[in-house]
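Peer 1: this one's structure only:
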């Protein structure tokens, strides 16, 4: 896995993207709501896609350090 969205899919079980993991403290909980969610409202995948340019999911963004 060389992207930031696949670990979210793996964390919820991988086979059904509608699964969720509740009451969790994890770096995969991108929106910090205590739930790891791949699809649907308030999911953790969309903020990643928006950050890299959501219309092209193959875009990358290099980390910027101060």
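Peer 2: Received it, and whenever you're ready, just let me know what you need. Remember, predicted model here, so these are calculated numbers, not experimental data.

Peer 1: Any buried residues in the lowest-mean-pLDDT helix or strand in the chain, and which?
Peer 2: Lowest by mean pLDDT, DSSP states H and E among the helices and strands of the chain is helix 46-52, with a mean of 83. Of the residues in helix 46-52, those buried by neighbour count under the rule 16 or more other C-beta atoms under 10 Å are 46, 48-49. Using the backbone N, CA and C atoms, a C-beta is placed for each residue, glycine as well.

Peer 1: swap in stretch 59-66?
Peer 2: Buried residues in stretch 59-66, defined by neighbour count with 16+ other C-beta under 10 Å: none.

Peer 1: picking up where we left off before, of the buried residues of helix 46-52, just say which sits nearest to residue 38.
Peer 2: Nearest to residue 38, judged by C-beta to C-beta, of the buried residues of helix 46-52 is residue 46 at 9.6 Å.

Peer 1: and the closest one, how far is that from residue 53?
Peer 2: In this view, residue 46 and residue 53 are 13 Å apart by C-beta to C-beta, to the nearest Å.

Peer 1: measure the residue nearest the centre of the chain to residue 62 for me?
Peer 2: For the chain, the residue nearest the mean C-alpha position is residue 45 (3.3 Å; C-alpha atoms, centre = their mean). The span separating residue 45 from residue 62 equals 20 Å under the rule C-beta to C-beta.
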